[in-house]
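Asks: sequence and predicted model, in that order:
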Amino acid sequence: MARHYHAYRQWRRPDFSKMLNKEDKARMEYNKDMAFRSFVLTWNTDVPELLGWSLADFYDAYKNNGRQLTLALDL
């Protein structure tokens, strides 16, 4: 009896993550991850500068555990 181990060719799934930009990844993470969604809704709500932030900015802050670099110039 003949055995056919390689009867079907194994295809690799294409990597579609290369087609997504940072805004798309942030939107997908917002829809999928409830922790990220609550991070966006409750993170420093008393700071008015956050009104101009996009979802991608919040995604960068979430990936860095809420830490951000600030430039402090002594003028």
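Replies: Good, I have the coordinates.
Asks: buried residues, the helix ranked longest in the chain. List them.
Replies: For the chain, the longest helix by residue count, based on DSSP state H, is helix 22-32. Neighbour-count burial for helix 22-32 flags Ala26, Glu29, Tyr30 (criterion: 16 or more other CB atoms under 10 Å). Heads up, the C-betas are built off the backbone N, CA and C, glycines and all.
Asks: next, format those residues as JSON lines and append pLDDT and distance to Ser54.
Replies: JSON lines is the format used below for these (pLDDT from 0 to 100; distance: CB to CB, whole Å):
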{"residue": "Ala26", "pLDDT": "94", "distance to Ser54": "8"}
{"residue": "Glu29", "pLDDT": "93", "distance to Ser54": "13"}
{"residue": "Tyr30", "pLDDT": "94", "distance to Ser54": "11"}
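Asks: next, count neighbours for Pro48.
Replies: Using other CB atoms under 10 Å, Pro48 has 7 neighbouring residues.
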